[in-house]
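Colleague: just to be clear, the model below is a prediction. Sequence and coordinates:
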Amino acid sequence: MIAVIGLMIGVVVGLVVEPTVPVALQPYLPIAVVAALDALFGGFRAMLDGLFNDKVFLVSFLSNVVVAGLIVFLGDQLGVGSQLSTAVVVVLGIRIFSNAAAIRRHLFKA
Amino acid sequence: MTLLVEVMERPLDPGYAEAAARRQAAQAAGRRSGHSKAGAVLIAVVAVVLGLLTTAAAQQLRAPQESVADARALLEEEIADRSAQAAALQEHAVALSAQIEELQQTTLASQDPEVLDELRLDGVVTGAIPVTGPGLVVTLTDGGGLSSDEVSSDARVRDVDIQTVVNALWASGAEAISVDDQRLTALSAIRNAGDAVLVDLVPLPGPTYVIRAIGDPQAMQAAYARSEAPSYLQLLGSGFGIQSSAQTEDDLDLPGVGVQRPQYARALTDGDDAASAPSSILEPDDGPTGASHSTSSSTRTLEGRS
């Protein structure tokens, strides 16, 4: 629960302070946000499954964002940045969808 | 394929299951599970930082769209402002020319009625004053129905179409022509700007364009029917769904454009040599407008349109 509360505090602080992101990091922001969404959905599903764990949640969150950004960075260096972004978005999108479906089954029993 | 199957069937991070199994094992062994105090603080700090970063990223992604929307709203406002300004100025010009006309009439009516008649006749011919009379009305409507959103640009009425009709009407003996509410003069231009048709730089709203011509209705209708315009319109109708109609009217009111002063052309004075007259009566006008029946800013062939 500490992780969730901390995350919420972070979101509120971010909304209030409105920090700016360095220009160099901006190409990776969309992917980072999608990766964060994936981790969020995974954490929510784990909570419904009764498996939630603060440490696992935060580590998966952090590593998702970093790895997604790294993949896109690598792709940019190799000249296949947009294709790799698509690949990351597809994989994360599928995961988000399946997790959302599991959450739906939990909540609505349907 | 195994990768995709893996992704599809096990979307949940396996770490959660492992952690749960570890916790159960610890409980079975009788140890107390949970975080140490330092671990809890670390988790909280990392969570706050992650939330902050994600929010910052999301906000950064949203920001440019807001500025684009702002710029768009600003431009829209400016366009509306300028349009209102232009309309007000136009109104002012019309009022002033009405005043001029009134003054001319009061002055000339007492002194020289003949000149007054001549002036009024000139005004009719040049399009300076509003006129009324019987005539012919030709209507063109964009293809694809009245919902102008998804009409392809090919199915829209274009400057060439209106020019063809206008030229045919002049050739059929029209004495005054207006397109929508724009009176055509010797200096009028009918042009395309993007998908919009402009007459004298005023965009026509569409999707229906009404071309009204004053003249002898019967003679004009007959001459118009013999011109090339009806077959051209038929081609537009069958090829692009542009609807058109032509019918006579007993009473048409066409607006005037006010007095237009030539900027370069000067009238010949009596003392000038008559031999040089043809070349110097009217010097070519290179201004923003050109004669409606000769200039065409965009040309198209019917084959190239499909």
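Modeller: Great, that's in hand. The shown structure was predicted, so the numbers you read here are calculated from the model rather than taken from an experiment.

Colleague: low-confidence ranges, the stretch 51-200 of chain B, go.
Modeller: Scanning the stretch 51-200 of chain B for pLDDT under 70 picks out B:63-66, B:145-151.

Colleague: residue contacts, the residue in chain A that chain B sits nearest to?
Modeller: Of all residues in chain A, A:G10 sits closest to chain B, with a separation of 2.3 Å (C-beta to the nearest C-beta). All C-beta atoms are positioned from the backbone trio N, CA, C, and that covers glycine. Applying C-beta atoms under 8 Å, 6 or more residues apart in numbering or on different chains, we find A:G10 in contact with B:47-55.

Colleague: interface residues of the stretch 151-300 of chain B facing chain A?
Modeller: Within reach of chain A by C-beta under 8 Å from any C-beta of the partner chain, the stretch 151-300 of chain B has no residues at all.

Colleague: what helix or strand does the residue of chain A closest to chain B sit in?
Modeller: Using DSSP states H and E, A:G10 sits in helix A:2-17.

Colleague: just the C-alphas of that helix, formatted as PDB.
Modeller: Presented in PDB, the C-alpha positions along helix A:2-17 are these (Å, rounded to 0.1, in the frame of the first residue of the first chain):
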ATOM      1  CA  ILE A   2       2.900   2.300   0.700                       C
ATOM      2  CA  ALA A   3       3.800   2.200  -3.000                       C
ATOM      3  CA  VAL A   4       0.400   3.200  -4.100                       C
ATOM      4  CA  ILE A   5       0.100   6.000  -1.700                       C
ATOM      5  CA  GLY A   6       3.600   7.200  -2.600                       C
ATOM      6  CA  LEU A   7       2.700   7.100  -6.300                       C
ATOM      7  CA  MET A   8      -0.400   9.200  -5.700                       C
ATOM      8  CA  ILE A   9       1.600  11.700  -3.700                       C
ATOM      9  CA  GLY A  10       4.000  11.900  -6.600                       C
ATOM     10  CA  VAL A  11       1.200  12.400  -9.100                       C
ATOM     11  CA  VAL A  12      -0.300  15.200  -7.000                       C
ATOM     12  CA  VAL A  13       3.100  16.900  -6.600                       C
ATOM     13  CA  GLY A  14       3.700  16.600 -10.300                       C
ATOM     14  CA  LEU A  15       0.400  18.200 -11.100                       C
ATOM     15  CA  VAL A  16       1.000  21.000  -8.700                       C
ATOM     16  CA  VAL A  17       4.700  21.700  -9.400                       C
END
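
Colleague: next SSE downstream of that helix?
Modeller: Next along from helix A:2-17, by DSSP H and E: helix A:29-49.

Colleague: so for whichever helix or strand comes after that next one, what gets flagged as buried?
Modeller: Using DSSP H and E, the helix or strand that directly follows helix A:29-49 along the chain is helix A:54-78. In terms of neighbour count (16 or more other C-beta atoms under 10 Å in any protein chain shown), helix A:54-78 has its buried residues at A:54-62, A:64-65, A:68-69, A:71-73, A:75.

Colleague: the helix or strand hosting B:A69 and chain A, any residue contact?
Modeller: According to DSSP H and E, B:A69 maps onto helix B:37-111. Yes: Helix B:37-111 comes into contact with chain A (C-beta under 8 Å from any C-beta), by way of B:39-40, B:43-61.

Colleague: elements contacting that helix?
Modeller: helix A:2-17, helix A:29-49, helix A:54-78, helix B:113-126 (3 or more C-beta pairs under 8 Å, 6 or more residues apart in numbering or on different chains; DSSP states H and E).

Colleague: output those in TSV; the columns should cover distance to B:Y224.
Modeller: TSV is the format used below for the helices and strands packed on helix B:37-111 (distance: least, C-beta to C-beta, whole Å):
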stretch	distance to B:Y224
helix A:2-17	68
helix A:29-49	60
helix A:54-78	65
helix B:113-126	20
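
Colleague: weakest of the ones you listed by average pLDDT?
Modeller: When those are ranked by mean pLDDT, helix B:113-126 comes last with a mean of 81.

Colleague: what about the closest residue to A:V17 other than its chain neighbours, distance to A:V23?
Modeller: Counting by C-beta to C-beta, 6 or more residues apart in numbering or on different chains, A:V17 lies nearest to B:L52, which is 7.9 Å off, once chain neighbours are set aside. To A:V23, B:L52 is 19 Å away according to C-beta to C-beta, to the nearest Å.

Colleague: more crowded one of those two?
Modeller: Between B:L52 and A:V23, B:L52 has the larger neighbour count (other C-beta atoms under 10 Å in any protein chain shown), namely 21 against 8.

Colleague: was I right about that one contacting A:V16?
Modeller: No: judged on C-beta atoms under 8 Å, B:L52 makes no contact with A:V16 at a distance of 10.2 Å.

Colleague: what residue is smack in the middle of chain A?
Modeller: A:A36 (1.5 Å; C-alpha atoms, centre = their mean).

Colleague: right, and that one touches B:T54 too?
Modeller: Yes: assessed by C-beta under 8 Å, A:A36 is found in contact with B:T54 at 4.6 Å.

Colleague: so what sits against both of those two?
Modeller: A:V65.

Colleague: B:G143 - how many residues pack around it?
Modeller: B:G143 has 18 neighbours, counted by other C-beta under 10 Å.

Colleague: pull out the buried residues from the strand or helix carrying B:V197.
Modeller: Using DSSP H and E, B:V197 sits within strand B:196-199. For strand B:196-199, the buried set under the neighbour-count rule, 16+ other C-beta under 10 Å, comprises B:197-199.
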